[in-house]
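> Quick one, structure for this:
(one chain, ligands or ions: 1)
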Amino acid sequence: METLQLDFLGDLRRTHTCGELRTEHTGQRALLMGWVHRRRDLGGVVFIHLRDRDGITQLVLRADSNSEVHKKADQLSSEYVIAVEGVVELRSPETINPAIPTGEVELAVESLWILNESRTPPFPLEESVDVKEDVRLKYRYVDLRRPHMQRNIMLRSRVSLAVRESLYAKGFHEIETPFMTRSTPEGARDFLVPARVQPGLFYALPQSPQIFKQLLMISGFDKYFQIVRCFRDEDLRADRQYEFTQIDLEMSFPQQDRVFEVIEPMLQSAFKAGGFDIPIPFPRMTYAEAMRSYGIDKPDLRLPPFYCVEDLFPADANLTGAGLPLVAIVIPKVGALSRKERDDLKAYGQERGLRVYDDPKRLDRDFAGPMAELRKRTSLADDDLLLVVGWGGEPKGHIPEHTVLQAAGQLRLHAGVKYNDRHQLLDPKVFKFTWVVDFPMFEWDAEENRWNAAHHPFTSVHDEDIEKLTADPARCRSKAYDIVLNGTELGSGSIRIHRRDVQTKVFAALGMTEDEAKRRFGFLLEALEFGAPPHGGIALGLDRIVMIIAGESSIREVIPFPKTARGTDLMCEAPSEVPDRTLRDLGIQLRK
Ligand code: ASP
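As a prediction, the model looks like this:
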């Protein structure tokens, strides 16, 4: 193949982007630069779609008006980088393309510079083409050129800006905290960085800036925020990466409501940046209410709640385990189901330990009065699906009531998703936010046989429950809160412990000895003795927020360079081996 003669950019300057030209530019000269998206050769005329991050403009190269340029276009292929100069013309009516904003005009090219060639791209850059994710990730720089990825990444940038503007306007300062630090309290596995000059010692990458932001409050910076990378060595999922980005903030002297008053308008601005108006304030429910109505601490409010109905039935009805809930799940507009469909739902519930009554007619026969009440309580309509569920076997779990409610919650979601085509309530463009408050302080760890902090160990206990700290940890509520959207937890936070004596008690309730507490968090404990103000805050997952605004179902679609589910960067091939010498310098010997 003849080698291509490339042109130099010289002092060429773009006059417009490829998404900018409109009818009012007709007759003007324009100089565009971008990538050859598509090329159609009709003999005497070549049409090129020229693309940049802003959009696509159609170029026309006519043999009769400029044969040299027309001939040069022979050399162009997909993804060549070019500059063109010419005159903006109106397209003839039958060639107008309403699908693109520049569709009424085209550029009649007079000069063409080829700035770089391109190998055949590994996949077409059209939106509609489905490409395997590992190929996309290997050639991520090409994948990122695809219009939907350009939109997602630019959306992410706009959302970040909106968050910053909203927080700056409320008097927050953006302050950085270290990446090379020691273990933080979130409880996932740490990523470690060996310290070369102190062999055998390691830094941990922060799972969040939690301790540093509390220290900043003690230092008097009373409104801190940071859009910051956090690192957690956990199994990866569609909404999880080893490194992810938090909108992290902390303020001094707040009650929970002050934090909410910051977050609600901030989220409103973030969604506005994506073109959505969301009403504030958001509703609130307690953790106990969330469990009683949804069986989960991150309820999807687009589907109706379920109802506990054990009180409606006679004590000897024996529909559920003794003292356990009986739950009425209603999924709207499902209509008639086949025997097989009913059996599938039943099997799903039974696998989770539930006893599923899928035939309301049989319940009507045996319990006419209670069933009439149940219909009233659930506002059941004729074509709604009703599943009444109780517990099948022995009570299970540390709080058996929750075990039942959680299983019922899973069945509710399963049936809701399954029949979404009928009720269409799970619309990704309907945004139902809620705060969930008054979380339990502790979570029972059955494997380790001990209490863990449900949020993290610096979370304040509810004022009314201080006495229960050691006497009844299971019923001890905390001042922790979550912000939840459509069944996804967007963020968590809490009012913190700011007194050394209370912090010591909480560590003790967690079974941490004074020595262990000092070893892990000694510097924070000490700092609490130097005039720590009351403080509290929250952290929200930026990746998840942008994912939802973009209508995507994986955070990988809104992260420029993500890792696969196995934690690999397929493009730069990380993680990778390192030379022996490097390991020696670090004092590390690999085990066979
Ligand atoms: N540091 C906490 C987390 O990452 C959030 C917070 O309590 O502000 O979950």
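> mind checking the SS state of the closest residue to the ligand within the stretch 51-200 of the chain?
With Cβ to the nearest ligand atom as the measure, residue 186 is the residue of the stretch 51-200 of the chain nearest to the ligand, at 5.4 Å. Every residue, glycine included, has its C-beta placed from N, CA and C. For residue 186, the reduced secondary structure class is coil; criterion used: DSSP: H, G, I helix; E, B strand; the rest coil.
> Where does the prediction get shaky in this protein?
Low-confidence regions of the chain, defined here as pLDDT under 70, cover residues 1-2.
> The ligand contacts on that one?
Remark: the part of the chain in contact with the ligand comprises 186, 208, 210, 492, 493, 494, 537, 538, 539, using Cβ under 6 Å from any ligand atom.
> Dump the residues you listed to JSON lines, plus secondary structure.
Below are the residues of the chain next to the ligand laid out as JSON lines (three-state DSSP):
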{"residue": "186", "secondary structure": "coil"}
{"residue": "208", "secondary structure": "coil"}
{"residue": "210", "secondary structure": "helix"}
{"residue": "492", "secondary structure": "strand"}
{"residue": "493", "secondary structure": "strand"}
{"residue": "494", "secondary structure": "strand"}
{"residue": "537", "secondary structure": "strand"}
{"residue": "538", "secondary structure": "strand"}
{"residue": "539", "secondary structure": "strand"}
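> returning to what we had before: what about the spatially closest residue to the residue of the stretch 51-200 of the chain closest to the ligand that is not a sequence neighbour, how many residues close to it?
Across the structure, with Cβ to Cβ, 6 or more residues apart in numbering as the measure, the residue nearest residue 186 apart from its sequence neighbours is residue 207 (4.0 Å). Close neighbours of residue 207, defined as other Cβ atoms under 10 Å, add up to 23.
> so residue 207 makes contact with residue 231?
Yes - with contacts defined as Cβ atoms under 8 Å, residue 207 counts as touching residue 231 at a distance of 6.4 Å.
> Mind naming the longest helix for this structure?
helix 147-169 (DSSP state H).
> could you say what helices and strands the helix or strand following that one packs with?
Of the helices and strands lying after helix 147-169 in sequence (DSSP states H and E), the nearest is strand 173-174. Helices and strands in packing contact with strand 173-174 are listed as helix 147-169, strand 223-231; criterion 3 or more Cβ pairs under 8 Å, 6 or more residues apart in numbering; DSSP states H and E.
> Any buried residues in the first one, and which?
Using 16 or more other Cβ atoms under 10 Å as the test for burial, helix 147-169 gives 149-150, 152-153, 155-156, 158-160, 162-164, 166-167.
> same thing with stretch 218-236?
When neighbours are counted by 16+ other Cβ under 10 Å, the buried residues of stretch 218-236 are found to be 218, 221-228, 230-232, 236.
> for stretch 4-24, same thing?
With burial defined by 16+ other Cβ under 10 Å, the residues of stretch 4-24 counted as buried are 7, 16, 17, 18, 19, 20, 21.
> Next, the distance between the ends of it.
Using Cα to Cα, to the nearest Å, the end-to-end distance of stretch 4-24 comes to 36 Å.
> Name the surrounding residues that touch stretch 566-573.
For stretch 566-573, the surrounding residues in contact (Cβ atoms under 8 Å, 6 or more residues apart in numbering) are 134, 137-141, 236, 242, 561, 563-564, 574-575.
> Identify each buried residue in that stretch, please.
If you call a residue buried by 16+ other Cβ under 10 Å, then stretch 566-573 has these buried ones: 569, 570.
> likewise stretch 458-465?
Quick answer for stretch 458-465 (16+ other Cβ under 10 Å): 458, 459, 460, 461, 462, 465.
> which residues touch that stretch?
The set of residues that contact stretch 458-465 without belonging to it, under Cβ under 8 Å, 6+ apart, is 185, 210-211, 214, 438, 441, 453, 469, 475-480, 494-497, 502-503, 506, 524, 536.
> Would you work out how far apart the start and end of that stretch are?
The straight-line separation of the ends of stretch 458-465 (Cα to Cα) is 16 Å.
> hang on, the earlier thing: between residue 207 and residue 231, what contacts are shared?
Overlap between the neighbourhoods of residue 207 and residue 231 consists of residue 190, taking contacts as Cβ under 8 Å, 6+ apart.
> quick one on the thing from earlier: how about the buried residues of stretch 458-465, which pair is most distant?
Pairwise distances across the buried residues of stretch 458-465 (Cβ to Cβ) peak at 16.5 Å, for the pair 458 and 465.
> ok, which stretches of the stretch 51-200 of the chain are helices?
Across the stretch 51-200 of the chain, reading from the start of the chain, the helices by DSSP state H, counting those that start in this stretch fall at 67-72, 133-138, 140-143, 147-169.
> and what of the stretch 301-450 of the chain?
The residue ranges that make up the helices of the stretch 301-450 of the chain, judged by DSSP H, counting those that start in this stretch, are 339-351, 360-366, 368-378, 400-418, 420-423.
> out of those, deepest packed?
Burial of the helices of the stretch 301-450 of the chain is given as mean neighbour count (mean count of other Cβ atoms under 10 Å); helix 400-418 ranks first at a mean of 21.
> Name the residue of the stretch 401-550 of the chain that lies nearest to the ligand.
The shortest separation between the stretch 401-550 of the chain and the ligand is 3.6 Å, found at residue 539 (distances taken as Cβ to the nearest ligand atom).
> Hmm, I typed the wrong one, I wanted the stretch 101-250 of the chain.
Scanning the stretch 101-250 of the chain for proximity to the ligand using Cβ to the nearest ligand atom identifies residue 208 as nearest, at 3.4 Å.
> The closest residue to residue 75 other than its chain neighbours in helix, strand or coil?
Residue nearest to residue 75 in three dimensions, not counting chain neighbours: residue 4, with 6.0 Å by Cβ to Cβ, 6+ apart. Assigned with three-state DSSP, residue 4 falls in the coil class.
> and if you look at the one 5 residues further on?
Reducing the assignment at residue 9 to three states with three-state DSSP gives coil.
> Confirm the residue nearest to residue 186 sits in a helix?
No - the assignment for residue 207 is coil, going by three-state DSSP, so no helix is present there.
> Look up phi and psi at it.
With angles defined as degrees, to the nearest 10, residue 207 sits at phi -80, psi -20.
> Residue 456 versus that one, what's the distance?
10 Å (Cβ to Cβ, to the nearest Å).
> Give the intersection of the neighbour lists for the two.
Taking Cβ under 8 Å, 6+ apart as the criterion, residue 207 and residue 456 both touch 185, 186, 187.
> Now restrict the residues you listed to buried residues only.
When the shared contacts of residue 207 and residue 456 are checked against 16+ other Cβ under 10 Å, the ones flagged as buried are 185, 186.
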